[in-house]
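Asker: generate a structure from the sequence data that follows.
(one chain, ligands or ions: 1)
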Amino acid sequence: MLIASMKNVVFGYGDSPSLENVDIEIHSGEFVAVSGPNGASKTTLLKLALGLLQPWSGTVDRASRRGDGKKLVVGYVPQQIAAFNSGFPSQVLEFVRSGTYTSGSWFRSVSRQDRELAEQALKQVGLWELRNRKIGELSGGQKQRICLARALAQQPDLLVLDEPTNGMDAASRERLYSLLGEMVKERQLTVVMVTHGLSEASPYLDRIIELEKKETGGWKCCTTTSCNGHFSPVV
Ligand SMILES: Nc1ncnc2c1ncn2[C@@H]1O[C@H](COP(=O)(O)OP(=O)(O)OP(=O)(O)O)[C@@H](O)[C@H]1O
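Answerer: Numbering: from 1, shown residues only. This next block holds a predicted model:
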């Protein structure tokens, strides 16, 4: 099933386009990485795909329903988690559980299922022992992981992650890639992830969307596809 597609998309923040001729399709159950140097418009590409930015021209289509007719749930973990200063008042488990509210009202009472989903997500990212700590007291890598746990607690069909391994040590990065790879295989989760760690992630990836500089100054997308962990250009 086609989850999102971008056809001939052009976008820029100023007078000239920074992203040009973007043609991408994301299918259900794929693990796709978006890669490229700093400033190559990776975050911009995610925001266009999510509908947070509108293209100058071209079309962006997103599925709103799953194959079984239920609403398609999207979990988005942005790059900068600036709001978590030392005074951020929430406790870890409470924050992760708040992810489950996105499927209903903020004002409904917390169900047993919400609790179980939050607990499971926190265990999946390996931070169960920190459940009673204040978020503001955590390290950068730990904050990153609880944001991921919050997104997982939503039981998303599509997970959009912008550099989720920022601040994580090697063991945590490996654990995250392998967890995502497992969820893609077992639950038909679709993952689109901006990363600078292609070599570590590549055993789990189906495709890489690489942003390359054009002679005209903007950036274009080149897609490569996986074959037993080796990637070759899509022709
Ligand atoms: N709101 C904005 N207004 C104007 N320019 C912007 C805005 N957001 C991003 N840009 C510019 O657009 C370009 C692409 O930014 P973007 O954040 O998408 O890059 P990126 O590939 O994700 O970078 P990084 O790897 O450093 O996170 C950069 O030159 C950036 O300065």
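Asker: low-confidence stretches in this protein?
Answerer: Applying pLDDT under 70 to the chain flags the ranges 80-84, 86, 101-109, 225-235.
Asker: again, only using 50
Answerer: For the chain, applying pLDDT under 50 flags the ranges 235.
Asker: where is the longest helix in it?
Answerer: helix 170-187 (DSSP state H).
Asker: who touches it?
Answerer: For helix 170-187, contacts defined as C-beta atoms under 8 Å, 6 or more residues apart in numbering pick out 29-31, 124-126, 141, 145, 148, 159, 164-165, 168, 189-191, 193, 197, 200-201, 203-204, 206. C-beta here means a position set from N, CA and C on the backbone, and glycine is covered the same way.
Asker: which of the residues you listed are buried?
Answerer: Listed as buried from the contacts of helix 170-187 are 30-31, 124-126, 145, 148, 159, 164-165, 168, 189-191, 193, 197, 201, 204, 206; burial here means 16 or more other C-beta atoms under 10 Å.
Asker: tell me how far residue 51 lies from the ligand.
Answerer: Separation of residue 51 from the ligand (C-beta to the nearest ligand atom, to the nearest Å): 16 Å.
Asker: surely that residue and residue 62 touch.
Answerer: Yes: using C-beta atoms under 8 Å, residue 51 is in contact with residue 62, at 6.6 Å.
Asker: more neighbours, the two?
Answerer: Between residue 51 and residue 62, residue 62 has the larger neighbour count (other C-beta atoms under 10 Å), namely 16 against 11.
Asker: ramachandran coordinates for the more buried one?
Answerer: Main-chain dihedrals, residue 62, degrees, to the nearest 10: phi -130, psi 140.
Asker: ok, it - contacts?
Answerer: Per C-beta under 8 Å, 6+ apart, neighbours of residue 62: 3, 4, 49, 50, 51.
Asker: so what sits opposite it in the bridge?
Answerer: residue 4 (DSSP bridges).
Asker: how near is it to residue 3?
Answerer: 7 Å (C-beta to C-beta, to the nearest Å).
Asker: which secondary structure element is home to residue 145?
Answerer: helix 140-153 (DSSP states H and E).
Asker: taking helix 170-187 as reference, get the angle to that helix.
Answerer: Going by axes from the mean of the first three to the mean of the last three C-alpha atoms, to 10 degrees, helix 140-153 is angled at 10 degrees with respect to helix 170-187.
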